[in-house]
Every structure is written in structure tokens, then in C-alpha cells.
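# the sequence and its predicted three-dimensional model are supplied below.
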Amino acid sequence: MHRRQSTKVYFGDFAVGGNSEISIQSMTNTKTADIKKTVSQIHKLEEAGCELIRVAVPDMTSAKIISELKEKISIPLIADIHFNYKLALESIKQGVDGLRLNPGNIGSRDRVEKVVKKAKKFKIPIRVGVNSGSIEKRLLNKYGHPTAEAMVESALDQIKILEENNFFDIVISLKSTDIWMTIKAYKLMANKRDYPFHIGITEAGTPKKGIVKSAVGIGSLLTAGLGDTIRISLTSDPVTEVEAAWNILESLDLRQRGVKIISCPTCGRTNIDLEKLVKKVEKRLKNCKLPITVAVMGCEVNGPGEAKEADIGIAGGKNKGIIFKKGKKVKTVNEDKLLDELMNEINKLRSDYDENE
Ligand code: SF4
């Protein structure tokens, strides 16, 4: 894959863009000023693999508790600001690591410049985030309705204000609920600026459809080499967003966090309870951080091939299964012992891995 070469910006010590890994972020849905609930949710998100977290800052109370939030969490904190530039200034004063801003709704140029100057002084990146639902009236009149071109023009108008103030620590997002429009907008923008892209399909809905929609949209962008940090927007617990984001990146082999499990869909040839076995394997390996691939396959058709290619694998047979490790057959065991034997072999791999670390 040829990844678009973007510039690199830093949220605290955390890099986005350039040659840094494609990162995963999310947004809390607690009332930000409820410190206990917000911190608790951020901790759950950190545990799930969230690398940057954004909180809504709708009022001064929320802005003023940013330093306290930061003390209690270990990932960079981004403030989401709309309408009131004073909230951005206070967030910076409180030590926030990044801002999501829509300069178009901050008001006069003078106010935007105050924010930009302070962000520059404190080395705080600003994401210019355009959503198809909030395009300025002027551009809606020009284009008739939200289009990719209107989104790009809107973003460029805002980016220019930052650039005219010699501010270049910029991240761009161009999100629509329409996958085609989103892809077109990022492709158009890729020819205009080289700032990092924050990608996602906005307001994707509830997890069942929203994860598929996000995977199609984000996956299409990533395979085109576009995207430096991703956020999945679901009407759900944000932990689900982070899990889905990891699954998308892992499915494209762009990141790996722990064990990758391959399992076959089962068919008339399956002679073991594969579905039950895979669920148990998944559960047992949920917190395993080994970067290995485990194949759990139903029969001798594709089983041995996949199991041999994986670091470790099972190829099912009639009420039994063969365990393969690093391409070699290790043993044949009865179905009721398959899970434990597989775990034993994974534990051996773990000690080999620890020794080599
Ligand atoms: Fe069927 Fe075997 Fe393929 Fe699984 S690996 S789907 S059991 S043919």
C-alpha cells in the first residue's frame, strides 16, 4: 500500500501523521464536567486501546477541569470546541493536548486568531473538522446541497486562516454520513494539502450497521493510502468504537494488538463444534498481548494449510483435531482436549517470546 505522505503533528508526545502508525481515537459521551464518570470512561477506553481522547467542551466549567482530567489519564486529551473561542483559550491554559475546532463557527477572524496564536505558543495542534451537516450557508447556496467540493472548500477557507497566521500543526477531517462523498472529499483534499487526515464516517448509527458502514468507508480510504488517525462514530458505548477501529486496522494488517484469530465459516464437512471452540479460544485470548496468528479450522480441506501458515492452529477432524505450530504438526488430540492443548502450546510460545524479548 502506498500511504499518502502527510506532515507530522504532536499531541503531547504522541505523533499523528508522517510515518507514525495509524492511530485510534474516540470521544467520551459523559458530561465532561462530571470528572468521575469522564475519567472512568477514559480509563475503559485506554484499556480497549484508545490512543487519543476527545471531550466536548460546551461550557467554561468543562474547560476549567481539563488539567484535572489530564492528571488522571494517560493518553492525550483533545478539546472539542464550537462557537465560543474563550473555551479554546481556557482549554489551552489548562494544558489540553489538541483542539478540534471549526473556525467557521468561532465568529470573527480576530477571535480565531487569538486561539491560533495561543495554540502556536503552546504547540497545540488544531483539527479543522468539517462535517457535511454543518457546511456554511454561503457554500450550500453555491453548491445547492452538501457535496465533497463544498466540504473541501469549507475546510480550505478555514485552513487558510490558520496558515495566514503561520500555523501549520493542522489535522483535517472531512466527514459525511455518505461514504462516497467522504471518499471523494478526502481524495480532493489530498491534492490540496499534506496535513494529516483524521478519517471516519460520521454519525454511522448503531453498532450493527454502523460498524459495517465505517469499515467500508474507512477501509476504502485506508486501502487508498488515506488516513493517519481514525475515529468510528457510533450511537453506542465508545469502547465499541475503539474495538471496531482496531478490528478494521487489524483486518488490513496495518496494526496488530494481541492475537489475530482466523476461523473458517464451518460447513457440512465440519465434525467438531467449531463455533463453540472459537468463542472459547477468543475468550481465553482476549487479554493476550502476543502478536501471533491462531487458526481454528474445521477440517482437512483448508485446515492444515491455514493452520500451518498461522503461528499456531487447529485443523479439525472427526471428533478430534490436529494442532500445528510454526508450520509443523505437533499432535492429534480428542475434541474435548483441543482447547486446553491449544492453550498449552500458546503458553509455550509465550515463554519462547518472552525469552527472545
Ligand atoms: Fe468446511 Fe473445512 Fe472449509 Fe471449514 S475448513 S469451511 S470445515 S471445508
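Thanks, I have the structure now. Numbers count the residues shown, from 1 in each chain.
# now check the lowest-mean-pLDDT helix or strand in the chain, is it near the ligand?
Within the chain, no helix or strand scores below helix 303-309, which has a mean of 79 by mean pLDDT, DSSP states H and E. Yes: judged by C-beta under 6 Å from any ligand atom, helix 303-309 and the ligand are in contact via Gly303. From N, CA and C alone the C-beta is placed, and that goes for glycine too.
# count of neighbours near the residue nearest to His2 when sequence neighbours are not counted?
Excluding its sequence neighbours, the residue lying closest to His2 (C-beta to C-beta, 6 or more residues apart in numbering) is Gly225, at 5.0 Å. By other C-beta atoms under 10 Å, the residues close to Gly225 number 12.
# now do the one 5 residues further on
If you count neighbours by other C-beta under 10 Å, Ile230 ends up with 25.
# near the ligand, which residues of the stretch 201-350 of the chain are found?
Residues of the stretch 201-350 of the chain lying near the ligand (C-beta under 6 Å from any ligand atom): Cys264, Pro265, Thr266, Cys267, Arg269, Thr270, Met297, Gly298, Cys299, Val301, Asn302, Gly303.
# tell me the contacts of the residue of the chain found nearest the ligand?
Residue of the chain nearest the ligand, by C-beta to the nearest ligand atom: Gly298 (2.7 Å). Residues counted as contacts of Gly298 (C-beta atoms under 8 Å, 6 or more residues apart in numbering) are Cys264, Thr266, Cys267, Arg269, Thr270, Asn271, Ile272, Leu274, Gly316.
# and Leu331, what does it touch?
That one is not Leu; residue 331 is Lys. Ile322, Ile323, Glu341.
# gap between it and Ala315?
Distance of Lys331 to Ala315, computed by C-beta to C-beta, to the nearest Å: 12 Å.
# what do the two both touch?
Shared contacts of Lys331 and Ala315 (C-beta under 8 Å, 6+ apart): Ile322.
# from the centre of this structure, give me the residue that's furthest out.
Lys318 (41.0 Å; C-alpha atoms, centre = their mean).
# which residues touch that residue?
Asn271.
# what about stretch 303-323, how long is it end to end?
10 Å (C-alpha to C-alpha, to the nearest Å).
# per the record, what domains does the protein have?
Following automatic domain parsing, one finds the domains of the chain at 8-251, 260-356.
# just send those domains back as CSV, with distance to Met1 too.
CSV is the format used below for these (distance: least, C-beta to C-beta, whole Å):
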stretch, distance to Met1
domain 8-251, 6
domain 260-356, 18
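# looking at those domains, spot the one closest to His2.
Closest of these to His2 is domain 8-251, at 5.0 Å (criterion: C-beta to C-beta).
# for the helix ranked longest in the chain, give me every contacting residue.
The longest helix of the chain (DSSP state H) is helix 335-356. Residues from elsewhere that reach helix 335-356, judged by C-beta under 8 Å, 6+ apart: 272-273, 277, 280-281, 284-285, 288, 290, 292, 294, 311-312, 314, 316, 319-321, 323, 325, 330-331, 333.
# any low-confidence regions in the stretch 101-250 of the chain?
Judged by pLDDT under 70, the stretch 101-250 of the chain has no weakly predicted residues.
# just to revisit the earlier point, now restrict the contacts of helix 335-356 to buried residues only.
Neighbour counting by 16 or more other C-beta atoms under 10 Å classes 272-273, 277, 280-281, 285, 290, 292, 294, 311-312, 314, 316, 320-321, 323, 325, 330, 333 among the contacts of helix 335-356 as buried.
# what about Val130, helix or strand, and which?
Secondary structure assignment for Val130, by DSSP states H and E: strand 126-131.
# report the strands that pair with that strand, each with its relative direction.
strand 98-101 (parallel), strand 170-175 (parallel) (DSSP bridges).
# so can I have CSV of those strands showing mean neighbour count?
Shown next, in CSV, are the strands paired with strand 126-131 (neighbours: other C-beta atoms under 10 Å):
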stretch, mean neighbour count
strand 98-101, 26
strand 170-175, 25
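# figure out which of the ones you listed is closest to Ser20.
The nearest among those, by C-beta to C-beta, is strand 170-175 at 12.2 Å.
# what residues are up against Gly18?
Residues in contact with Gly18 (C-beta under 8 Å, 6+ apart) are Gln5, Ser6, Thr7, Lys8, Pro196, Asp228.
# tell me what the helix or strand just after the least confident helix or strand of the chain is packed against?
Where DSSP H and E defines the elements, the next helix or strand beyond helix 303-309 is strand 312-316. Secondary-structure packing of strand 312-316 (3 or more C-beta pairs under 8 Å, 6 or more residues apart in numbering; DSSP states H and E): strand 293-297, helix 303-309, strand 320-325, helix 335-356.
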